[in-house]
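> just a sequence and a predicted model for now, questions to come.
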Amino acid sequence: MLSRKAHGFEMIRLLLAAVFIFGVHVAPAYAVTFDIWHTGMTRQEILQVAQARNIPLAKGGGLNLNRRYDPKLLAGDATSYNYQTTLFNHSAKVQLRLSPAKGGYGQFLYEIDVIFTDSSKNKDLRPYVTRMLREKYGPPQVVPDLVRQVLLWKPEPNNEIRLTSFMVTMQVNYVDLKIKKFADELSKSTYELPGNPVNHRDSGKF
């Protein structure tokens, strides 16, 4: 069980991390982007864009069968959203990953995953996507992997783009490493706002 002093130090550490990350990094010029999304967007900004463009967002790994924006499906907290779309006439799923709603901090987009879901066509699409990314970001690094083919681009020191393919599967991951690190630290943190129903005095009973 953490003492009140330890909780205070943890809160200060996370606050300084948030100021460092979002104070200098949230601007689109430093973000990694895919389509209409860029890392550093808040949860509210994501929902506003989705509503304006009638994007059929779903929470987590769920599915929006309405094929339109439906706020009823998005009520409550979530650390990821997804929607089905078509890219290059191929079926795909776009997944948006956010930092957790914890400790009083806002939620920020740190990863955009583009997963091509039509396995019968992925093999033909792979060379085109590779060439497109190469033309935009330059020659990639080849990441050693015994099973999959993994190509890595780093357009900025704290951004990375990975193209991962294995037989008939393929996905592209756009990651903001700074925000991801903050999200990971926040996920592990035990700091909670005053008034949280969790009673730390009971933690010693387990």
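It's in. Nothing here was measured: the structure is a model prediction, and the numbers come from that model.
> quick one: name whatever helix or strand follows the helix or strand of the chain with the lowest mean pLDDT.
With mean pLDDT, DSSP states H and E as the measure, the helix or strand of the chain carrying the lowest mean pLDDT is helix 4-25 (a mean of 44). Once helix 4-25 ends, the next helix or strand along the chain (criterion: DSSP states H and E) is strand 33-34.
> list the neighbouring strands of that next one plus their orientation.
Each strand that strand 33-34 pairs with, and the sense of that pairing, follows from DSSP bridges: strand 37-38 (antiparallel).
> contacting residues around the strand it pairs with?
Counting contacts by CB atoms under 8 Å, 6 or more residues apart in numbering, the residues outside strand 37-38 that touch it are 28, 31, 32, 46, 49, 94, 96, 109, 112. Backbone N, C-alpha and C define where each C-beta goes, glycine included.
> okay, the residues you listed in TSV with distance to residue 68, neighbour count and pLDDT next?
Listed next are these as TSV, based on distance: CB to CB, whole Å; neighbours: other CB atoms under 10 Å; pLDDT from 0 to 100:
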residue	distance to residue 68	neighbour count	pLDDT
28	27	11	58
31	27	20	86
32	28	27	91
46	16	21	96
49	14	15	97
94	16	20	97
96	17	23	98
109	22	27	96
112	21	23	98
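> mean confidence (pLDDT) on stretch 149-156, please.
If you average the pLDDT over stretch 149-156, you get 94.
> now do the helices in this protein.
4-25, 43-52, 119-137, 177-188 (DSSP state H).
> what about the last one, average pLDDT?
Pointing back at helix 177-188 there. The average pLDDT for helix 177-188 rounds to 90.
> which secondary structure elements does that helix sit against?
Secondary structure elements in contact with helix 177-188, counted by 3 or more CB pairs under 8 Å, 6 or more residues apart in numbering; DSSP states H and E, are helix 4-25, strand 109-116.
> that one: which residues count as buried?
Residues 177, 178, 179, 180, 182, 183, 186 are the ones in helix 177-188 that count as buried (16 or more other CB atoms under 10 Å).
> again with the second one
Neighbour-count burial for helix 43-52, counted by 16+ other CB under 10 Å, picks out 43, 46, 47, 50.
> residue 163: which of the residues you listed is nearest?
residue 46 (23.7 Å; CB to CB).
> hmm, residue 96 and the closest one touching each other?
Yes: using CB atoms under 8 Å, residue 46 and residue 96 qualify as a contacting pair, with a distance of 6.2 Å.
> joint contacts of the two?
Between them, residue 46 and residue 96 share the contacting residues 37, 81, 109, judged by CB under 8 Å, 6+ apart.
> the last one contacts residue 44, doesn't it?
Okay, so that is residue 109. No: judged on CB under 8 Å, residue 109 makes no contact with residue 44 at a distance of 11.1 Å.
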